[in-house]
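**Q** coords below, sequence missing:
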């Protein structure tokens with residue numbers, strides 16, 4: 001090693017679980033983004049992916065403050081003229097509640113290949129059950 005710092009090997013990645021039941025969306029998303037980037041580790045470097053895996057459960061029960069349920073708009077574009085689709089957060093929660101959390105966390109990660117690699121370590125589930133019990137995730141409490 002040329003420099004004094006080195007990235008943690010891939011096998012040293014931890015698994016964390018966050019229960020979003022009744023928690024504010026932004027607080028859950030910032031906690032998850034921080035873990036995915038590895039900023040909680042002393043070996044963090046901005047150009048290395050040393051982050052951990054994050055499992056978020058009960059995404060359907062996440063809380064939106066204020067009037068965001070009626071006012072927040074989720075947009076997606078097909079790429080064709082007139083291909084813009086807009087939906088309110090209330091409708092998105094009914095159709096696909098996982099999307100609320102995924103888009104919030106994705107927006108807090110770097111917009112690069114490195115950010116895409118970090119995003120792939122995020123697992124979001126609408127209910128309390130998840131298939132990652134074998135990884136023995138550590139429970140993380142969010143304010």
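**A** Okay, I see it. Computed from a prediction, not measured in an experiment: that's the story for all the values here.
**Q** which outside residues touch the top helix by length along the chain?
**A** The longest helix of the chain (DSSP state H) is helix 25-37. Applying CB atoms under 8 Å, 6 or more residues apart in numbering, the contact partners of helix 25-37 are 16, 18, 20, 40, 44, 51-52, 54, 56, 62-64, 100-101, 104-105, 107-110, 118-119, 121-122, 140, 142-143. (Glycine included, C-beta is placed from N, CA and C.)
**Q** next: stretch 81-91.
**A** So stretch 81-91 is in contact with 64, 68-78, 95, 100, going by CB under 8 Å, 6+ apart.
**Q** now do it, average pLDDT.
**A** Mean pLDDT, stretch 81-91: 97.
**Q** now stretch 94-107
**A** Averaging pLDDT residue by residue across stretch 94-107 gives 97.
**Q** which stretches of this structure have low pLDDT?
**A** 1-11 (pLDDT under 70).
**Q** spatially central residue for this protein, please.
**A** The centroid of the chain falls nearest to residue 105 when counting by CA atoms, centre = their mean (3.7 Å).
**Q** pretty sure it sits against residue 119.
**A** Yes. Residue 105 is in contact with residue 119 according to CB atoms under 8 Å; the separation is 7.4 Å.
**Q** returning to that earlier point: in ChimeraX, how would I select the buried members of the contacts of helix 25-37?
**A** In ChimeraX, a selection of the buried entries from the contacts of helix 25-37 looks like this (16 or more other CB atoms under 10 Å):
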select :16,18,20,44,51,52,54,56,62,64,100,101,104,105,108,109,110,118,121,122,140
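**Q** among the contacts of helix 25-37, which are in helices?
**A** Using DSSP H, those in helices are 100, 101, 104, 105, 118, 119.
**Q** ok, now how distant is the residue lying closest to the fifth one once chain neighbours are set aside from residue 74?
**A** What that stands for is residue 118. Closest residue to residue 118 apart from its sequence neighbours, by CB to CB, 6 or more residues apart in numbering: residue 36 at 4.4 Å. Counting by CB to CB, to the nearest Å, the gap from residue 36 to residue 74 is 21 Å.
**Q** between the two, which one's more packed in?
**A** More neighbours surround residue 36 than the other of residue 36 and residue 74, with 25 against 15 (other CB atoms under 10 Å).
**Q** and that one, how far from residue 30?
**A** 11 Å.
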